[in-house]
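here are the coordinates; sequence isn't available:
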């Protein structure tokens, strides 16, 4: 930084002069471009994030964003031994390190740190404890035999995380910068990712409000942290279809609410409805909405239904995105693959030759009728953890709608999409969705 | 405990014998009653909570509840100096101590502790950070000239806190036991409660999920903590009516959701709608529901509307309790006082002579019509912080509904209820709602 100090001062002198106001219009853009150039050049020298200032007035025009070049790494001095893959339980084991980045409304994003996995110390008045200022993402990394670590569509998670943040007035950030830092973290802890087929690293970026005050309002402080958990294959012992209880007693989300955002607030309220479904012998809830009983989501997954049409075409339907339905990354991937197949740009084995793909409203009466007519082909959920989960039964108004799943417990469309997505995620098929984390 | 050990062993011997199975039916109830007696007697000797076991089988039949007799107090060695009352900002200053009680599903409620106010140390995988396992209460304590500290209707807060806990599968507890512990805390920190008129101690009991695992399900671990913040009078510089923006763009809660429970999840999502209302010049949102635009709540308060009827009677209306409207303690207090006044059991100065009180559905068309007919008497919100807040304007469908508030900025009904509730809270009027905390 010291090398550049004289240059910096001369710019400041040049631009702060009030002697020649008429030259401002010329100096200002020139100075801004110099300043920006200087900021790029000094990246390697900076020790803490600096706000961008108006070169004429000195006023802060932009607070620091997340800056991977400032990353501080403190490695653990007592590394743990990764559990043998067979002992892994979803989300119970964490790797040696975590990423943390603090933010406050006065100074923007602070220095990112990768440090030993450890408890967070938070004042009991922190807004996350009182008003649910919390949102998160779920991502996966895979490790190949040669040590290559791959992320799946991290840009989608970053975009959604920023949308979630905006919905509850938490700070947004440069998604590419956070992806860069996540790559550093997963590569550092890559020994924790089992290379065995089906195993992966579940990555949990989380953003919480940490303002120490009980007033209800935008949080003046926040913390973004990322923790990682090695996870086993979802279908270790064969595909297991789920049974849904269509509920009208509880709602997951309503129009004008937060269902379309990945907020913590959408999850705790679903636990009791899930327990009630389990008591009646169903594994998940099918969340309905309104008097028409529109289908929205399945447990914590997006929903797909396939119908056979009179001409033999299969229609694959998922409810449209709005503020009720979460824009799932797997949902989007399944839609894109199915559409490419339908257009003939791609052949996804298992998908029907004559296929149309629709994002449209779906009501329970559609399912009831399709069951009666024998045109119900498949129902499945999509999500990061299972990728796809077949549904073989929906409890609705006192009876069960039976749904075909095929002999393996997973219908052809679900299986076709699952196989293709896994092949892309693990690098077996090269695809721009799979992003290499290694430097 | 040692004194009672021989007695305990003899009961165990007596009840565990398998020699005389036919006597079991006699021994079992006798032993249970002895066991229960023994537990009462040993309370003073216990060092950690013990589960209640079936005396025959040894099986755990009830996990330990919160037990105030086990309270462990560690006083701060560096007490802070309370801020001068004039410097207090709501919820930003906290007293020297806090109460914490841990829970887990295997051992029930652990030893309650009053200890120096300090950060909580929580694993980054704790469920509160990810899935909004958090709920809270707001209570107030007042200190009189003679040092008496009074709580207001703590039983109501305890009952609601348990209802909230049930809604998101967090543990319930003995409300009287927690009230006892809160009394100990507020008396210990009572120097922090300004004696000046209008000042009080805002008490924040909070219950969070602390399970260290990312699976979405009931939290196996939880922590209940109570922190206290001295607060100034809400109306320090005269009554300030609020302006509401009736919103259909956002919902606070929907039927089947969690609006009727005091969960953290209801709060973060309200911050952006509130900011949008502020941008349009309104101070709070009026939360509407459904196509009829039913009125539900005001910002974070319950809602009351008073109409004049043709015969001169005033009808005071508040929306009924269901799973959308929060069962406010101030709401209930206002209703009870108004009903007692209407029945003639009590005279609350300021309330109209001819009064009827209704909990019924209220739609925007009712307000629009009442404004047109000149029969809109008052609109106000109720909540723990402000007690009552007058509304003088509601922005609805592009225009403002004007509401009378009287010359002082607070209508007669709101003012009458405010004065009576404060008189009860501060002990000026003796009432069973006001509970003395001192031993």
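All right, it came through fine. Keep in mind it's a predicted model, so treat the numbers as computed, not measured.

now the end-to-end length of stretch A:123-137.
Terminal residues of stretch A:123-137 are spaced 24 Å apart (Cα to Cα, to the nearest Å).

stretch A:345-357 too?
Termini of stretch A:345-357 sit 14 Å apart (Cα to Cα).

buried residues in it, which are they?
A:348, A:350-352, A:355, A:357 (16 or more other Cβ atoms under 10 Å in any protein chain shown). C-beta coordinates here come from the backbone N, C-alpha and C atoms, glycine included.

ok, now stretch A:66-79?
Within stretch A:66-79, the residues that count as buried by 16+ other Cβ under 10 Å are A:66-68, A:70-71.

okay, how far is it across it, tip to tip?
By Cα to Cα, the extent of stretch A:66-79 from end to end equals 27 Å.

check stretch A:285-297 too.
Criterion Cα to Cα; first-to-last residue distance in stretch A:285-297 is 8 Å.

domain assignment for chain A?
The record's domain split for chain A, according to automatic domain parsing, is A:5-44, A:60-231, A:242-432.

how far does the last one sit from its chain's centre?
It stands for domain A:242-432. Put simply, domain A:242-432 sits 18 Å off its chain's centre (Cα atoms, centre = their mean, to the nearest Å).

can it be said to contact chain B?
Yes: contact of domain A:242-432 with chain B (Cβ under 8 Å from any Cβ of the partner chain) involves A:247-251, A:254-258, A:263-272, A:274-275, A:300.

filter those down to just the ones in strands.
Judged by DSSP state E, these include residue A:247 as members of strands.

of the residues of domain A:242-432 next to chain B, grab the buried ones for ChimeraX.
Typed into ChimeraX, the line below selects the buried ones among those, using 16+ other Cβ under 10 Å:
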select /A:247,248,250,251,254,255,256,257,258,263,264,265,266,267,268,269,270,271,272,274,300
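
distance of residue A:87 from residue A:81?
According to Cβ to Cβ, to the nearest Å, residue A:87 stands 11 Å off from residue A:81.

when the two are compared, which one has more neighbours?
Counted by other Cβ atoms under 10 Å in any protein chain shown, residue A:87 and residue A:81 do not tie: residue A:87 has more neighbours, with 10 against 6.

contact partners for the more buried one?
Contacts for residue A:87 (Cβ atoms under 8 Å, 6 or more residues apart in numbering or on different chains) come out as none.

same deal with residue A:253?
Residue A:253 makes contacts with A:259-260, A:266, A:287, A:296, A:323-324, as judged by Cβ under 8 Å, 6+ apart.

go again with 6 Å.
Taking Cβ atoms under 6 Å, 6 or more residues apart in numbering or on different chains, we find residue A:253 in contact with A:259, A:324.

what do you get for residue A:208?
Applying Cβ under 6 Å, 6+ apart to residue A:208 gives the contacts A:128, A:134, A:223, B:129.

residue ranges with poor pLDDT in chain A?
For chain A, applying pLDDT under 70 flags the ranges A:1-47.

run the last query once more with 90
A:1-61, A:82-90, A:195-198, A:233-239, A:248, A:322-323, A:385-386, A:406-409 (pLDDT under 90).

from the contacts of residue A:208, which two are the most distant?
Among these, the pair separated by the greatest distance (Cβ to Cβ) is A:134 and A:223, at 10.3 Å.

the more surrounded of these two?
Shown here are residue A:134 and residue A:223; by other Cβ under 10 Å, residue A:134 has more neighbours (30 against 23).

leaving out the residues flanking it, which one is nearest to that one?
For residue A:134, ignoring the flanking residues on the chain, the nearest one in space by Cβ to Cβ, 6 or more residues apart in numbering or on different chains is residue A:264 at 3.6 Å.

please report the distance of the one you found from residue A:419.
Applying Cβ to Cβ, the value for residue A:264 to residue A:419 is 32 Å.

and what of residue A:327?
As judged by Cβ to Cβ, residue A:327 and residue A:419 stand 23 Å apart.

tell me the contacts of residue A:90?
Shown in contact with residue A:90 (Cβ under 6 Å, 6+ apart): A:231, B:215.

over to residue A:71?
residue A:112.

next one: residue A:261
Contacts of residue A:261 (Cβ under 6 Å, 6+ apart): A:164, A:167.
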